[in-house]
Structures are given as structure tokens and as C-alpha cells.
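Enquirer: Following is a predicted model, sequence given first.
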Amino acid sequence: MRYESTRSNLSGTDTFAVLQGLAQDGGLFLDKTLGSRPFAVQECLKKDSLGMAEMILSYLMPGFENMKELVEKAYSGKFETEDLTPLVQVGDAYVLELFRGPTSAFKDVALSMLPQLMTAARRQENMQGKTVILTATSGDTGKAALNGFMDVDGTSIIVFYPAEGVSPMQQRQMATQEGKNVTVCSVEGNFDDCQRGVKEAFASLADQLEGTGVSLSSANSINIGRLAPQVTYYFVAYAKLMEMGRIAFGDKVDFVVPTGNFGDILAGYYAKLMGLPVGRLVCASNANKVLTDFLETGLYDRRREFFKTTSPSMDILVSSNLERLLYLASRDENKVKGWMEQLNTQGFYQVDADTLKNIQDSFDAGCCDENETMAAIKKVWAEEKYLLDPHTAVAWHVMEQKGEKKNRPQVVLSTASPYKFPGPVLKALGVEAGKDEFADAAKLNEVTGVAIPENLAKLQQKSILHKDRIARDQIIAYVLEKVNA
């Protein structure tokens, strides 16, 4: 399998693409035959979750050997349920619980798998030296990546997060991370500053590190090895709806996805291109609604006010993974390159009418402000006794906005445990929150009876191990210092 850049014909094998993370021209690696190769969808839907993952990843990344073994190492015994991502009926809709993994966030599905892919790729490519994983996080990716790559041979990982841009529980998860090969650093800025700094590090350090035995890669969804595993849970959801008798094969299902960097929803589009009967893919944004505006108008404009919200994983103005969709909708590397250059230099771009139509054929969008987020948490708990985290609440509100498709099953992707945001969830329920996230979590448990995930309950006893904090323009120097240490 050849993976090519979204901005040119630069290409490499699937194993090379996973190791590289980002193409040398700044583009993202993509299988440009996606949508034209057959996939045995019905056969896949008959398998269990691990079987689906093996079949889907073997299709997307056929160059990897022993995929069954890699999948079993990634997932067996690490998730709360054998389903990996249970589907729960809530009222007339369905919630796909993506937070049943080791760090209570949807990133676990991908970041349990990526280290296995990375290790296998290093072996198959006869790679010597060390791979340094650079990762920017808006909250959940950081802990999931740190957990996945902890003490993995031949790798080290550096995670950057916005100093005041993650929840206290997310910050605590990262700051207490153990492992001899992990580094965590907060950045004085927002997620976009972290993401921009990491991309600049890739661009500026490649030549400096040549010949040193050190190579850089990424655990963000710009890495195809991060994105591909996420396709699985769309198939899992569809199979579960068939088991429930809610649909027959061929019936369409709508998915409502809270997303900021666009990887989670793009995985659904991959599933659709592979033949899964996906209806509408609804992009749910919070107050930072740059994606909603783009999907409605074709104008991507990051020149706007940035809002800190109670759904911080979506507090993003530059959505990296959208670039893959731009290529799939236009099939023109030069257009994509031009749009990305314009975004970088001018802060906006406008796609042509044909590209926008191709996108709108599959995607819908809506947004949700802070008051609406809190109202959704309160309403769903009061009516259904189901507890939403703020990100899932954004998606729930948008699902209710888009009520015209209710003749189809509506699946809301739930991206995190509510206990990663106990303060805001308490407030939504009308209960006073304090300044201690663990006291808030205990109070939330008392009020609702919903169990606290074990990994979060144990955090309070762990020591703070990572205290580094840097200015936004110091990321490259920090990476170089850690690489040379």
C-alpha cells in the first residue's frame, strides 16, 4: 500500500507513513485509492470487536504483518468491556461509549493500537536508533498517548498541552504519568499554539537530526496510524444496531460527533467510503465553531475570537485532519496545498463550489454554546438518568437541533467520562462545585450513583512528576534539549 501526501505525490509504504507521521512537504499521508477498493462489509459486521479491528486495519494497512497479534496486544484485557465501545440506548437515540478504555477517553481506541503499529513498523523497516513522538493535546490525546507509549522500546514521547486549556483532571492525568521515556510540558497559549509548535518542530528539526539515529513521529491524528483504528467503532455501532433489531443491513445510520481536530468524524467518513451504510455525519462544535461555519459555507476562517469552554478538547481553531477531507472531496493536491498555504499566511481559505458540494453530500454541522451544553447535561440526566460529559452534551444538543432525520437511528459518539470534568457536570446538575476535582468527583458520585472509573479514582494518590512550563515560542528549543539529553 502506497500512502501519498495530501499536498503532492510524495509517497511511502503504510509502515513508512506510520513512522513518519507527517509528510516531508507538511501534508498528511492518505491512501488515495480509498473508496475505490472493495471491502467485505457484511463479513466484517459478523465479527466481534477485535475481529472487526483486525479486518479493517488489514484493509487500510495491508503492509503490516501479523495484524491479529497486534490487535490482541493492543486491546485484550485493557478495556472495561469486550465490546471496547458499548452502544447504549438513551431515550430514542443511542450513545456509543468510547471512554471505556484505560484513560477514560475515546483516544484509547487509537492510542492503544498506535504503539503496536509503531513497534511493528520499526521492526519491518529495520529501523535503528530512537523514535521521538511529538504530541500536542487539547486534553485527552496526551494521557492516552503517554499511557500507550510508556516504556515502549525504541521510543520516547513528549506531550505539550495548553497551560490553562485542559480540565484539572486531564492535567492531573498527564502530570502524574510514570515511565522512563515520557515527558510532559505545559505551554503558555492555547491548543493551536501547541499544535503549531509541534508542526514547526517537525519541519525545522528534520535536517538537524539526520544521521543522529533519532527520528520524529506523531501520536496526533495527523498520523494515519492514529486515525485508522478509529474506523472500527463505526462498524461496532452498526453491528450492535443490527443485533438489537433496530436496523437491517443497508439501512442508513446517522452519527453525531463532537470534534475539534476532525479525526474522530473523519474516521466515520472512512467507514462510509469502505461501504458501511453511513447516513449523515454531523459535526458538533462548541462555541469555537470554525468547523460548523466551514461545513455550512466552505469558508474556513481562523481569524476569530478563541473561547475557553467546558469542552476543552474542542477548543481548536485550526483543524489539522480536515486536510484529508479536502483532498478526498477535491482529488486535487495543488488545491489542497494552496488552501493550506493560504490558511498559514492569511488565516483563511474558501473552497470551490464542487468541493463544498462533495463535502455537504455526507456532512452536516451544528454548534452549541455553554448554556446549551449545561442544559443538555441536566435534561438527559433528569429524563433518562444518563450522565453526559460536556463534549457529549454538545453532540446531544446538536442531534436534537437536527431532528429532521429522526426516522433513522441517531448515534451520538461519547468521547469522555463525565468524571474527567466533574466540576462543570455538577454545576449542570444544579449542585455547587468546589476547587478540588477529586472532591467534586466524589460529590458527583454521591449525587448520581454513577461509578468513578478506577483509573481516575486512583489519581489523587499519585505524585506530580511533570512540572515543566514554557512559552509558546520555546517548543522547538525544548524538543531539541530533550532529544539531546
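Expert: Cool, got the structure.

Enquirer: Quick check: which element contains the residue of the chain positioned farthest from its centre?
Expert: For the chain, the residue at maximal distance from the C-alpha centroid (CA atoms, centre = their mean) is Gly211, at 32.4 Å. Secondary structure from DSSP states H and E places Gly211 outside every helix and strand.

Enquirer: While we're on it, how confident is the model there?
Expert: pLDDT recorded at Gly211 is 86.

Enquirer: can you tell me how far it sits from Asp473?
Expert: Distance check for Gly211 against Asp473: by CB to CB, to the nearest Å, it reads 27 Å. Heads up, the C-betas are built off the backbone N, CA and C, glycines and all.

Enquirer: Quick check: the gap between the residue farthest from the centre of the chain and Trp396.
Expert: The gap separating Gly211 from Trp396 is 52 Å, by CB to CB.

Enquirer: Next: Ser218.
Expert: From Ser218 to Trp396 the distance is 31 Å (CB to CB).

Enquirer: In terms of neighbours, single out the busier of those two.
Expert: Trp396 (29 against 24; other CB atoms under 10 Å).

Enquirer: leaving aside the residues next to it on the chain, what's closest to the more buried one?
Expert: Ala376 (4.8 Å; CB to CB, 6 or more residues apart in numbering).

Enquirer: Let me see the contact set for that neighbour.
Expert: Ala376 sits next to 368, 388, 393-394, 396-397, 400 when contact means CB atoms under 8 Å, 6 or more residues apart in numbering.

Enquirer: Relative to Ser5, which of these is nearest.
Expert: Val394 (32.2 Å; CB to CB).

Enquirer: Show me what the helix or strand containing that closest one is packed up against.
Expert: Taking DSSP H and E as the definition, Val394 sits inside helix 390-401. For helix 390-401, the packing partners by 3 or more CB pairs under 8 Å, 6 or more residues apart in numbering; DSSP states H and E come out as strand 93-97, strand 253-258, strand 278-285, strand 363-367, helix 370-384, strand 410-414, helix 422-428.

Enquirer: avg pLDDT for that helix?
Expert: On average, helix 390-401 scores 96.

Enquirer: How far does that helix sit from its chain's centre?
Expert: In terms of CA atoms, centre = their mean, to the nearest Å, the centre of helix 390-401 is set 17 Å apart from its chain centre.

Enquirer: try stretch 443-461
Expert: Using CA atoms, centre = their mean, the offset of stretch 443-461 from its chain centre is 24 Å.

Enquirer: next one: stretch 141-157
Expert: Counting by CA atoms, centre = their mean, stretch 141-157 comes out at 16 Å from the chain centroid.

Enquirer: Same question for stretch 386-399.
Expert: 17 Å.

Enquirer: Over to stretch 41-49?
Expert: 23 Å.

Enquirer: what's the answer for stretch 155-168, then?
Expert: Counting by CA atoms, centre = their mean, stretch 155-168 comes out at 15 Å from the chain centroid.

Enquirer: That one: end-to-end distance?
Expert: 28 Å (CA to CA, to the nearest Å).

Enquirer: So which bits of that stretch are buried?
Expert: 155-163, 165-168 (16 or more other CB atoms under 10 Å).

Enquirer: What mean pLDDT does that stretch get?
Expert: For stretch 155-168, the mean per-residue pLDDT is 94.

Enquirer: all strands for the stretch 101-250 of the chain, in order.
Expert: Counting by DSSP state E, counting those that start in this stretch, the stretch 101-250 of the chain has strands at residues 130-136, 155-162, 182-188, 214-218.

Enquirer: nearest to Lys308, of these?
Expert: With CB to CB as the measure, strand 155-162 is the member of those nearest Lys308 (9.0 Å).

Enquirer: Packing partners of the closest one?
Expert: Using 3+ CB pairs under 8 Å, 6+ apart, strand 155-162 sits against helix 114-124, strand 130-136, helix 140-149, helix 168-175, strand 182-188, helix 191-209, helix 475-484.

Enquirer: Pick the most buried one from the ones you listed.
Expert: Greatest average neighbour count among the helices and strands packed on strand 155-162 goes to helix 140-149 (a mean of 28), per mean count of other CB atoms under 10 Å.

Enquirer: Distance from it to the middle of the chain?
Expert: 11 Å.

Enquirer: list the helices and strands it packs on?
Expert: Using 3+ CB pairs under 8 Å, 6+ apart, helix 140-149 is in contact with helix 107-111, helix 114-124, strand 130-136, strand 155-162, helix 168-175, strand 182-188.

Enquirer: one more time with 7 Å, if that's ok
Expert: In terms of contacts (3 or more CB pairs under 7 Å, 6 or more residues apart in numbering; DSSP states H and E), helix 140-149 is packed against helix 107-111, helix 114-124, strand 130-136, strand 155-162, helix 168-175.

Enquirer: In contact with the residue nearest to Val318 when sequence neighbours are not counted, which residues?
Expert: Once flanking residues are discounted, Val318 sits nearest to Asp192: 4.9 Å by CB to CB, 6+ apart. Listed by CB atoms under 7 Å, 6 or more residues apart in numbering, the contact set of Asp192 reads 316-318.

Enquirer: Look up how far Val290 lies from Asp192.
Expert: In terms of CB to CB, Asp192 sits 10 Å off from Val290.

Enquirer: joint contacts of the two?
Expert: Taking CB under 7 Å, 6+ apart as the criterion, Asp192 and Val290 both touch Leu317.

Enquirer: Format the helices and strands packed on helix 140-149 as TSV; extra columns: distance to Arg408.
Expert: Shown next, in TSV, are the helices and strands packed on helix 140-149 (distance: least, CB to CB, whole Å):
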stretch	distance to Arg408
helix 107-111	24
helix 114-124	32
strand 130-136	35
strand 155-162	37
helix 168-175	34
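
Enquirer: Over to Leu19. Which of the three states is it?
Expert: Secondary structure for Leu19, judged by DSSP: H, G, I helix; E, B strand; the rest coil, is helix.

Enquirer: quick one, what contacts the closest residue in space to it that isn't next to it in sequence?
Expert: In space, and not counting its chain neighbours, Leu19 is closest to Ala121: 4.9 Å by CB to CB, 6+ apart. Residues in contact with Ala121, defined by CB under 7 Å, 6+ apart, are 15, 18-19.

Enquirer: mind putting the contacts of Ala376 in CSV, distance to Ala136 included?
Expert: Converted to CSV, the contacts of Ala376 look like this (distance: CB to CB, whole Å):
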residue, distance to Ala136
Cys368, 24
Leu388, 26
Ala393, 24
Val394, 21
Trp396, 27
His397, 27
Glu400, 32
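
Enquirer: List the contacts of Thr448.
Expert: Leu387.

Enquirer: What separation is there between it and Ala428?
Expert: 11 Å.

Enquirer: repeat for Gly268
Expert: 27 Å.

Enquirer: and the gap between the residue nearest to Trp396 and Leu70?
Expert: For Ala376 relative to Leu70 (CB to CB), the value is 38 Å.

Enquirer: And for Thr310?
Expert: Thr310 is 36 Å from Leu70, by CB to CB.

Enquirer: show me what contacts Arg172?
Expert: Contacts of Arg172 (CB under 7 Å, 6+ apart): 437, 459.

Enquirer: Please repeat the previous calculation with a cut-off of 8 Å.
Expert: Residues counted as contacts of Arg172 (CB under 8 Å, 6+ apart) are 437, 459, 462.
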